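# Generate a structure from the sequence data that follows.
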Amino acid sequence: MPDKVTSTERFSTKWGLILSVLGIAVGTGNIWRFPRIAAENGGETGAGAFLIAWVTFLFIWSIPLIIAEYGIGRNGRKGVIGSFIKMTSEKFAWMGSFIGFVATAIMFYYSVVAGWCLYYLIESVFSTLPENVEQANMVWEGFQGSMLPSVFHLIMITCGGLIIIKGVKSIERINLILIPSLLLVLVISLIKALTLPGSSAGIVYLFTPDWATLKEPGLWLEALTQNAWDTGAAWGLILTYGAYMRKKDDIAISAFQTGIGNNMVSLMAAVIIFSTVFGTLGGMNMSDGQILDVMRDSGPASTGLTFMWMPQLFQEMAGGKIFAILFFLGLTFAAFSSLISMIELATKVFVDMGITRKKATIAVCTAGFMFGLPSAVSLDFFANQDFVWGVGLMASGGLISFAVIQFGADKFRNTLVNNEESRFKLGRWWVFIIKYVVPVQVITLLAWWIYLSATSFAPDTWYNPLSPFSVATVLVQWGIVVVLFKIYNRRIAQKTILN
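Residues are numbered from 1 along each chain as shown. As a prediction, the model looks like this:
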């Protein structure tokens with residue numbers, strides 16, 4: 001029998017909604033990825049120009065798409081497929097399916113990352129911190145060479161399932177604990193980082209613009225990619241939580257609170273990382289250039305700074321063990337809150353098809369564990385999946401924009417966003433962005449990634465689908481998924497609508 005409760009489930013408070021959606025947005029992309037990307041795109045004098053581009057895309061990519069997702073979800077009151085069908089028509093069910101699959105494919109390996117975070121939290125509590133890079137590498141390689149990544153992957157996806165199986169009230173309760181706790185951990189870590197001798201050099205570098213770098217297209221494209229990653233816009237996750245949004249909650253205000261709140265967390269994380277790295281390595285007589293090389297050296301599967309350098313840096317500072325515990329506790333909380341939303345997205349799709357929440361959750365978590373195992377075992381496979389489905393997020397943004405255009409962007413703004421309950425009336429600027437600016441950004445980004453793949457990532461094997469960073473591997477994996485969803489489009493649509 002269908003899970004009848006889901007049709008009336010709602011977040012009980014505005015704070016429950018905002019903190020749960022911040023749980024989506026605030027993840028490893030903020031703490032792990034953002035500081036590294038800022039360092040990679042910094043010029044000789046600073047990374048402030050990258051921050052300018054990054055904030056620009058908050059307002060012309062992330063917030064407009066978050067508004068769209070809230071509106072689509074609240075209007076449909078179903079998961080990503082059901083709400084997409086209501087916005088467009090049954091013949092486009094395959095598009096909603098693709099958006100849902102991209103986020104689910106990311107869930108498979110994101111659970112592995114969450115497991116890494118938990119392992120390093122436990123390591124920081126019970127083991128001594130590494131005294132040098134060689135020891136840090138030994139810890140990482142010993143971990144990766146064992147069965148432990150698979151074990152911790154299982155632990156995290158199981159814990160996520162236990163939250164999801166009880167529905168939206170359980171999601172709300174856990175995020176009311178996780179997100180304030182995460183923010184408290186970050187504030188304490190921030191205070192500690194700022195007290196390090198030499199930390200001010202890192203802050204100065206982070207916020208000083210090297211204006212010449214604004215002329216580089218790559219900086220703008222990296223800023224857009226990072227914004228898509230760290231806000232959770234276009235993943236379909238906010239759309240899924242939007243189905244539980246109360247009618248009296250203001251979509252536009254909620255979207256701005258979500259986007260700006262998320263980016264403030266990213267900036268806080270960047271200040272912590274830059275202060276820690278500059279403050280610690282500067283005291284070891286390393287030049288700014290050498291310090292930045294450490295931050296930019298991403299290591300295997302982009303793990304170098306977070307899992308190899310940071311534990312060693314904590315060893316160098318007074319009270320470093322406590323700081324290490326706080327850092328990995330915050331990282332684990334961030335990863336887990338995002339993982340919960342990914343499990344919920346897939347679970348909600350099956351609940352809409354008439355499967356009970358319990359059975360749907362067990363099925364999703366079982367599949368999540370099985371399909372995540374290759375990423376737990378092989379960093380090469382992990383990197384490939386991160387590349388393929390990370391780029392897929394750009395396509396998802398285009399499909400969400402398409403859904404709004406099909407419905408009518410002006411109609412969407414006037415009926416779904418600017419309703420009688422809304423205090424902030426969304427202007428026509430949003431219509432222009434969602435109809436024209438977002439599609440241009442999608443096309444530009446996809447073209448850029450294809451160009452980079454063909455010229456830099458896999459110049460000699462761009463045509464080989466077995467090459468991990470080739471154009472072919474993206475197109476083949478996307479193609480298989482799209483063809484399957486197109487074949488079963490009618491069945492998916494009917495199953496979703498009838499229940």
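
# Isn't Leu339 up against Gly160?
Yes - with contact defined as C-beta atoms under 8 Å, Leu339 reaches Gly160; the gap is 4.9 Å. (C-beta placed from N, C-alpha, C; glycine too.)

# what's the overlap in contacts for these two?
Counting by C-beta atoms under 8 Å, 6 or more residues apart in numbering, the contacts common to Leu339 and Gly160 are Ser111.

# what residue of this protein is the furthest out?
Most distant residue from the mean C-alpha position of the chain: Asn285, 35.5 Å away (C-alpha atoms, centre = their mean).

# Over to that residue. Which of the three states is it?
coil (DSSP: H, G, I helix; E, B strand; the rest coil).

# Relative to Asn419, how far out is it?
61 Å (C-beta to C-beta, to the nearest Å).

# SS state for the nearest residue to Gln315 once chain neighbours are set aside?
Closest residue in space to Gln315, ignoring its immediate chain neighbours: Leu129 at 3.9 Å, by C-beta to C-beta, 6 or more residues apart in numbering. With three-state DSSP as the basis, Leu129 sits in coil.

# burial of Leu129, as a residue count?
The tally of other residues near Leu129 (other C-beta atoms under 10 Å) stands at 21.

# That one touches Ala324, doesn't it?
Yes - counting by C-beta under 8 Å, Ala324 is a contact partner of Leu129 at 6.0 Å.

# Dihedrals phi and psi, Gly42?
phi -80, psi 150 (degrees, to the nearest 10).

# residues contacting it?
Phe50, Tyr205, Leu206, Asp210, Thr213, Leu292.

# so how far is Thr240 from it?
In terms of C-beta to C-beta, Gly42 sits 35 Å off from Thr240.

# Where does pLDDT dip in the stretch 351-499 of the chain?
Flagging of the stretch 351-499 of the chain using pLDDT under 70 yields an empty set of residue ranges.

# which residue ranges form the helices in it?
According to DSSP state H, counting those that start in this stretch, the stretch 351-499 of the chain carries its helices in the segments 357-377, 379-407, 409-411, 429-432, 438-452, 471-487, 489-498.

# again, but for the stretch 51-200 of the chain
63-76, 80-87, 93-126, 133-144, 148-164, 168-194, 199-207.

# Could you pull up the contacting residues of the closest residue to Ala472 other than its chain neighbours?
Nearest residue to Ala472 in three dimensions, chain neighbours excluded: Pro465, at 4.2 Å (C-beta to C-beta, 6+ apart). Contacts for Pro465 (C-beta under 8 Å, 6+ apart) come out as Ala472, Thr473, Leu475, Val476, Gln477.

# Return the member of the residues you listed nearest to Gly198.
Nearest to Gly198 among the contacts of Pro465 is Thr473, at 43.0 Å by C-beta to C-beta.

# Test my guess that that closest one contacts Asp386.
No - counting by C-beta under 8 Å, Asp386 is not a contact partner of Thr473; they are 11.8 Å apart.

# top of the contacts of Pro465 by neighbour count?
Most surrounded of these: other C-beta under 10 Å gives Thr473, at 22 neighbours.

# For it, which non-adjacent residue is closest in space?
Closest to Thr473 by C-beta to C-beta, 6+ apart is Pro465, at 4.9 Å.

# before we move on, the earlier item: could I get the helices of the stretch 351-499 of the chain as a markdown table with distance to Leu305?
Shown next, in a markdown table, are the helices of the stretch 351-499 of the chain (distance: least, C-beta to C-beta, whole Å):
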| stretch | distance to Leu305 |
| --- | --- |
| helix 357-377 | 20 |
| helix 379-407 | 16 |
| helix 409-411 | 41 |
| helix 429-432 | 36 |
| helix 438-452 | 21 |
| helix 471-487 | 26 |
| helix 489-498 | 41 |
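
# Identify, out of those helices, the most deeply packed stretch.
helix 379-407 (a mean of 21; mean count of other C-beta atoms under 10 Å).

# Mind giving me the packing neighbours of that helix?
Judged by 3 or more C-beta pairs under 8 Å, 6 or more residues apart in numbering; DSSP states H and E, helix 379-407 is in contact with helix 63-76, helix 80-87, helix 93-126, helix 217-231, helix 357-377, helix 438-452, helix 471-487.

# how distant is the first one from the center of its chain?
To tie it back to what came earlier, the one meant is helix 63-76. 17 Å (C-alpha atoms, centre = their mean, to the nearest Å).

# So what touches that helix?
82-87, 231-234, 236, 238-243, 245, 247, 251-252, 254-256, 258-259, 397, 400-401, 403-404, 412, 416-417, 426, 430, 433-434, 437-438.

# Please name the nearest non-neighbouring residue to Glu44.
Asp210 (6.0 Å).

# how far away is that neighbour from Leu162?
47 Å.

# Of those two, which one has the most company?
Between Asp210 and Leu162, counted using other C-beta under 10 Å, Asp210 has the larger neighbour count: 18 against 13.

# Now do the contacts for the more buried one.
Here Asp210 is in contact with Gly42, Gly43, Glu44, Thr45, Gly46, Ala47, Gly48, Ala49 (C-beta under 8 Å, 6+ apart).

# Give me the pLDDT for it.
Looking at Asp210, its pLDDT reads 94.

# now swap in the one 3 residues further on and tell me
Model confidence at Thr213, expressed as pLDDT, equals 93.

# Counting neighbours, what do you get for it?
Around Thr213 there are 22 residues (other C-beta under 10 Å).

# got the contact list for it?
Counted by C-beta under 8 Å, 6+ apart, Thr213 has contacts Asn41, Gly42, Gly43, Ala49, Phe50, Leu219.

# got a markdown table for those, with distance to Gln315 and pLDDT too?
Converted to a markdown table, those look like this (distance: C-beta to C-beta, whole Å; pLDDT from 0 to 100):
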| residue | distance to Gln315 | pLDDT |
| --- | --- | --- |
| Asn41 | 29 | 92 |
| Gly42 | 26 | 90 |
| Gly43 | 31 | 89 |
| Ala49 | 33 | 96 |
| Phe50 | 29 | 96 |
| Leu219 | 34 | 92 |
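
# wait, which of those is closest to Ser20?
Nearest member of the contacts of Thr213 to Ser20, counting by C-beta to C-beta, is Phe50, at 29.4 Å.

# who's in contact with the residue nearest to that closest one when sequence neighbours are not counted?
Leaving aside its sequence neighbours, Phe50 sits nearest to Asn41 (C-beta to C-beta, 6+ apart; 4.2 Å). Shown in contact with Asn41 (C-beta under 8 Å, 6+ apart): Ala47, Ala49, Phe50, Thr213, Gly218, Leu219, Glu222, Ala223.

# Count the neighbours of the closest residue to Met107 other than its chain neighbours for me.
Distance criterion C-beta to C-beta, 6+ apart; nearest residue to Met107, sequence neighbours excluded, is Met342 at 3.7 Å. For Met342, the count of nearby residues is 30 (other C-beta under 10 Å).

# Can you verify my assumption that Met342 contacts Phe108?
No - applying C-beta under 8 Å as the test, Met342 and Phe108 come out as separate, 9.1 Å apart.

# so what sits against both of those two?
With C-beta under 8 Å, 6+ apart as the test, Met342 and Phe108 reach no residue in common.

# Helix, strand or coil: sort out the residue nearest to Met107 for me.
Applying three-state DSSP: Met342 is helix.

# I'd say Ile343 and Cys159 touch.
No - look at Ile343 against Cys159 with C-beta under 8 Å: they stay out of range, at 10.0 Å.

# so where's the stretch 1-150 of the chain uncertain?
Across the stretch 1-150 of the chain (using pLDDT under 70), the flagged ranges come out as 1-8.

# repeat that with 80
1-8, 28, 133 (pLDDT under 80).
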